[in-house]
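Q: A structural model of the following input is requested.
(chains A and B)
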Amino acid sequence: MNSILVNYEYCTGCRSCELACRNELGLTAGQSGIVITEVGPIEFNADIGLAGEPYDWVYMPVLTRACNLCETRSQQGKLPSCVQSCQAWCMYFGEPQKLVTKIDGKTRWALLGK
Amino acid sequence: MADYNEYLASFDHAAYHEGEWQWQEGEFTVTRTTHWSPPGCHMGCGVLLYTKDNKLHKVEGDPLNSVASGKLCVRCLAMPEATNHPDRLKYPLKRAGQRGEDKWERISWDEALDTIAERVLSIKKDYGSECIVVVHGTGRNIGWQVPYFASACMQTPNVSTFGFGGFACYLPRMIGTSAKYGDMIIVDASQAHPNRYAAKDWQVPGVILIWGNEPIKSNADGFLGHWLVQCVQMGSKVICVDPRLTWWGVRSDYWLPVRPGTDAILAMAMLNVIVAEELYDHDFVDCWTYGFEVMAERVANKTPEWAEPLCEVSADKIRGAARLIATSSSCACQWGLAFEQQIAALGVTETVADIMAITANIDNPGGNSLFRCAYLIEKRYGLGDDYIDKDVYARKLIAPVSGINESRIVSCADSDAILACLETGEPYEIQMFWIQSSNALACASMDPARTYNALMKVPFIVVADPFMTPTAQALADIVLPVAMSCERNSCRTWWTPVRTMVKVTDYYEAKSDEWIVLQLGKRVKPEYWPWEDDKEFANWYLTDQLAPGGTLYQRTWKDTVENPGTDCCNGIEYWDWDATYHKYAKGMLRPDGEIGFNTPTKRIELWSFGYDRWGVDPLPFHVEPPESPLSTPQTFKDFPLVLSGGGRSFEFFHSEHRQLPTMREFHPDPLIMVNPSDCEKYGVKDGQWIWMENSRGARCKQKVKSTIEVLPGRVHAEHGWWFPEQDGAAPNYYGTYESNLNNMTQAFRTGQGGIGNPIKSMLCKIYPVQDSDVLPHDIIAKNGDFASYEPGQPYPYIEEPVVTTIN
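A: Numbering: from 1, shown residues only, chains lettered A, B, ... in the order given. Predicted coordinates for the structure are as follows:
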């Protein structure tokens, strides 16, 4: 069983994953196996202990029920279409136990799987 | 992804047919190649094209191509929507009614080419070939083909992009750094190394200075912005100079939201800090620069406290950012279009260039590389201009007074001079426009109403494009259907590596840019067009180009397409020269082989001889926008918002991609960003269509995005919008005037040396659109324009600027 790890600190919201997935699954407008959500931009007025600017603005891909973790591609040795196309280089595919060792305690991560 | 080798190990290379350029995968033929236009963009990413029965079905990024490593933007992922679009031009067309009636008749290629050739020959004979103007757009693979066509077929010196004055797109940064460094600087994201982020002699930038652009959306000038996202994950810090809050600003140590058009003030204050606190690299300054003392004297009083009220960035932030630049292991400066879309273009360019120079961030790993196009294949614009008669060349349309034009560092004709020639009929009457892949009315033209009226005077206009555009619909007498990227055999460098494109499909009678110029060249001037086909033409471009001297490339187009390059995949080839650091210390930059930079002093010129010869201030300077809170305080009372234009998005390249269903699903309407407090102040709401209007009454409408991405008092709008779904006939022309920010920009208002235009620093007011409002196209159809003007002259000032140059 494989999963997708997202270092969403760096997701740029470019939506390439959505469209690559739509192409792979043959879905039409408004549908994909993965959809980007947006949080922000937020300006923090209180001191939240950031070294840099007091803002946040992140994107996070969410799997829909259409996602099959690119079973066929994976069997062929290819990357899932969303991971391959991810312009931000912030998605990883593999065994969840191995993937979570990347979590660094500094940036924000999420494990997507089923 | 912090580890590139780990990425390469995360998939089975055999599954992607490593070493092959074409194979069968089930029902599809898969081809490993490069995408480059149409549709347009500035990059050339590696793609896998899935085709069947002469049709493109799917596009994937190629993980084995190190240019983009399999990553691909939505525009490329949706490419079949473009190549198979029902609205594509299928056949050559001849106008059947009056211009603007949307009446067209299908003709054969022979008829089209014979008609054009006959007309060209008679214009040359009766009026002189300078009366033909050749226009190309940007980001389409025509940067060498069309200039050569202008020289070797049309034999006219009047070749240019057309519509935007002051060469306000990249050229100012190119000539500015050419003068000061002898070469151009490009951020080093390891793109010259085949093994990219794993390259041994590369190091990740200590700090990335994002200045005046959003590189992940714009991917400008042969640079893929997401490369820098990878650098950030490998440890680069970020400083972001941008009036807007972007992805970069949020992730930065310092976001410096400069007042639009005052970047040079901010840059002078940074220089002041670096000099006053002695944070510069003393050895580099001593050994490799000229004019440090006079530069230091110029900025001695430009303290952060002096700058703060002018550029609206706090002195503390300016000081902090300057220190971080100077003390980081390296600083990579990703500078953008905002540099020349302000009237202080050459001033801000030279000031930021000085910051990079005195901190020794030139040609260093993870800094700013001195690149030339791979194997010197793309040497310069103006290829073949020796084929133009000297007397004809002397009649090139250039600005009346400009040392830059006289020095011939700029090969193209001057857009404002072309517009003046059209409006006044002096020094001659232009007889023909050849427009290849440019949509001036919707995009490039700073004043679409003036451009339209001027071009309506031209007796014969040909437009070549894949789609019927507002420009083609309004003005063309003949329209030629252009092939898409997967329908052409071609190549590119810009900058490195060399990349080839290979034809895998056809679409009705659409033909490639190469085929079109070849066929017409053969009809008009056969002696300069000896090539049998596009493949021979590509070979000549790659390996010959008017030899002796030639290029340094040895491989043919076919060999490059089919076989892997050295340490890289099929279809590309890297060049060691670009991957070498500190070239100035190795005698690699100068034609005489001596150590040093390719400048008169062999040093980086902080006091620039080039600038001085052009009649431009050779030391850091600022010029205040012609309308701004400081320069026109009375106007500012009635037009209290500073308006920046030209916002890019993932979905569109300039005026392209508006026909594609997925791009409009993701991004249906043009958006103007307004701060929530300004929404309340000016009575406009998120999602509402509003007008932005300037002091001469020019206006356009976009939809409000209420957001803190812009500060109170500033708004930011998108460019390039037209609506292919609307009526194309006059006067609507696919709604090209309705949301067109360029209704409000203007020709003939340029900076020192005729360079730069204040596009990103205007004043406006905003108010909701009402159903009863007269639309821009009706105003233009009735009155010609929003305001009156003298032919060949700028609009008169509404208020004379009280502040201009600050140095």
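Q: Run the contact check for the top helix by length along chain A versus chain B.
A: Counting residues, the longest helix in chain A under DSSP state H turns out to be helix A:16-25. Yes: using Cβ under 8 Å from any Cβ of the partner chain, helix A:16-25 comes into contact with chain B via A:16, A:18-20, A:23. Any C-beta I mention is one placed from the backbone N, CA and C, and that applies to glycine too.
Q: three-state assignment of the residue lying closest to residue B:179 once chain neighbours are set aside?
A: Once flanking residues are discounted, residue B:179 sits nearest to residue B:610: 2.7 Å by Cβ to Cβ, 6 or more residues apart in numbering or on different chains. Assigned by DSSP: H, G, I helix; E, B strand; the rest coil, the conformation of residue B:610 is helix.
Q: need the contact list for residue B:610.
A: Residue B:610 makes contact with B:175, B:178-180, B:407, B:409, B:599, according to Cβ atoms under 8 Å, 6 or more residues apart in numbering or on different chains.
Q: Are any of these buried, and if so which?
A: Buried members of the contacts of residue B:610, scored by 16 or more other Cβ atoms under 10 Å in any protein chain shown, are B:175, B:179-180, B:409, B:599.
Q: Just put those in a markdown table and tack on secondary structure and distance to residue B:544.
A: Putting the buried ones among the contacts of residue B:610 into a markdown table (DSSP: H, G, I helix; E, B strand; the rest coil; distance: Cβ to Cβ, whole Å) gives the following:
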| residue | secondary structure | distance to residue B:544 |
| --- | --- | --- |
| B:175 | helix | 27 |
| B:179 | helix | 30 |
| B:180 | helix | 32 |
| B:409 | coil | 25 |
| B:599 | coil | 30 |
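Q: Then residue B:38 would be within a helix, right?
A: No: the assignment for residue B:38 by three-state DSSP gives coil, which leaves it out of any helix.
Q: these two touch, right, it and residue B:656?
A: Yes: Residue B:38 lies in contact with residue B:656 (Cβ atoms under 8 Å); the separation is 7.5 Å.
Q: overlap in contacts of those two?
A: Going by Cβ under 8 Å, 6+ apart, no residue sits against residue B:38 while also sitting against residue B:656.
Q: Distance of the closest residue to residue B:660 other than its chain neighbours relative to chain A?
A: Of all residues not flanking residue B:660 in the chain, residue B:81 sits nearest, at 4.5 Å (Cβ to Cβ, 6+ apart). Look at residue B:81 and chain A: by Cβ to the nearest Cβ, to the nearest Å, they are 10 Å apart.
Q: ok, then the element right after the helix or strand containing residue B:81?
A: Under the criterion of DSSP states H and E, residue B:81 resides in helix B:79-83. Later in the chain than helix B:79-83, the nearest helix or strand by DSSP H and E is strand B:93-95.
Q: contacts for the next helix or strand after that next one?
A: Next along the chain after strand B:93-95, taking DSSP H and E as the criterion, comes strand B:104-106. By Cβ under 8 Å, 6+ apart, the list of residues contacting strand B:104-106 from outside reads B:91-96, B:479.
Q: Make sure residue B:318 is indeed in a strand.
A: No: judged by three-state DSSP, residue B:318 forms no part of a strand; its state is helix.
Q: Which residue, other than its chain neighbours, is closest to it?
A: residue B:304 (4.0 Å).
Q: I am assuming the one you found contacts residue B:273, so please confirm or correct that.
A: Yes: Residue B:304 is within contact range of residue B:273, at 6.5 Å (criterion: Cβ under 8 Å).
Q: if I look at these two, which residues touch both of them?
A: B:318-319, B:322.
Q: Chain A: which of those is nearest?
A: Nearest to chain A among these, counting by Cβ to the nearest Cβ, is residue B:318 at 14.6 Å.
Q: State the number of residues packed around that closest one.
A: 27 (other Cβ atoms under 10 Å in any protein chain shown).
Q: so how far is residue B:623 from it?
A: 20 Å (Cβ to Cβ, to the nearest Å).
Q: likewise residue B:232?
A: Counting by Cβ to Cβ - residue B:232 and residue B:623 are separated by 33 Å.
Q: Next: residue B:395.
A: 31 Å.
Q: Comparing those two, which residue is more hemmed in?
A: Applying other Cβ under 10 Å to residue B:395 and residue B:623 shows that residue B:623 carries more neighbours, namely 27 against 18.
Q: What pLDDT does the model give the more buried one?
A: The per-residue pLDDT reported for residue B:623 equals 97.
Q: hang on, the earlier thing: top of the residues of helix A:16-25 next to chain B by number of neighbours, please.
A: Neighbour counts for those (other Cβ under 10 Å) peak at residue A:20, which has 30 neighbours.
Q: Pretty sure that one sits against residue A:78.
A: No: between residue A:20 and residue A:78 there is no contact under Cβ under 8 Å: 11.8 Å.
Q: tell me, what's touching those two both at once?
A: With Cβ under 8 Å, 6+ apart as the test, residue A:20 and residue A:78 both reach residue A:84.
Q: which one is residue B:357 nearest to, not counting chain neighbours?
A: residue B:604 (4.6 Å).
Q: give me every residue that touches the one you found.
A: Going by Cβ under 8 Å, 6+ apart, residue B:604 touches B:180-181, B:288-290, B:357, B:362, B:597.
Q: mind checking how far it is from chain A?
A: Residue B:604 is 31 Å from chain A, by Cβ to the nearest Cβ.
Q: which strand residues sit across from that residue in the sheet?
A: residue B:289 (DSSP bridges).
Q: Return the distance of the residue in chain A positioned nearest to chain B relative to residue A:98.
A: Among the residues of chain A, residue A:77 lies closest to chain B, at 2.7 Å counting by Cβ to the nearest Cβ. Distance of residue A:77 to residue A:98, computed by Cβ to Cβ: 17 Å.
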